[in-house]
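Enquirer: pasting the sequence and the predicted coordinates here, then a few questions.
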Amino acid sequence: MNRTITVGISDLNVAKDGDVLVTYALGSCVGICLYDPIMKVAGLSHIMLPSSQGFPAGSQPHKFADTAIGILVRQMEQLGARQGRMKAKIAGGAQMFAGINNSSLANIGQRNVQAVKAELARLNIPIVAEDTGKNYGRTQFFHSVDGGMRIKSANRGEWMY
């Protein structure tokens, strides 16, 4: 029987053999799904902030786009995946704080998306699907059997990528 593996905020995990990864509460955070279609290895990272710069070295590396994605790639490689075959699907990065005047907080979702895209480009991992921005939260499911990403939103329904 296939398992559902929950990935928390500032966390990541990998799956194969038909298991499903899920992360909840993607507001301004970004969920990064990576998939190797040959080995059918899936990975999901739920990042909270764009950069680890300015934080103590080694503090919660799963929290930041610039550190978490590389860790996710390495964990997938331990299951036989190859970085050169990986494709990415991303979701989240919403504008959840529209009424706040602090511009660094107000655009954190957009900055998270930009940081994720920059890190994936640096690693030569193409983004093949994206559901980012707007002003609502998401739940993200990622299926290791086929690399399908399903998004659910409380008042907007659900859709597949």
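Expert: Right, received. Where do you want to start? Numbers count the residues shown, from 1 in each chain.
Enquirer: ranges for the strands of this protein?
Expert: For the chain, the strands defined by DSSP state E cover 4-6, 11-15, 20-26, 30-36, 41-47, 87-92, 127-132, 138-143, 149-153, 157-160.
Enquirer: list the buried residues in the third one.
Expert: Across strand 20-26, burial judged by 16 or more other C-beta atoms under 10 Å covers 20, 21, 22, 23, 26. (Each C-beta comes from the backbone N, C-alpha and C, glycine too.)
Enquirer: neighbouring strands - and their directions - for that strand?
Expert: strand 4-6 (parallel), strand 138-143 (antiparallel) (DSSP bridges).
Enquirer: need the residues that contact the longest one.
Expert: The reference is to strand 138-143. Contacts to strand 138-143, defined as C-beta atoms under 8 Å, 6 or more residues apart in numbering, come from residues 15, 18, 20-26, 31, 33, 35, 42, 44, 89, 91-92, 94, 131, 148-153.
Enquirer: mind giving me the ChimeraX select for those, buried ones only?
Expert: In ChimeraX syntax, the buried subset of those is picked out as below (16+ other C-beta under 10 Å):
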select :15,20,21,22,23,26,31,33,35,42,44,89,91,92,94,131,148,149,150,151,153
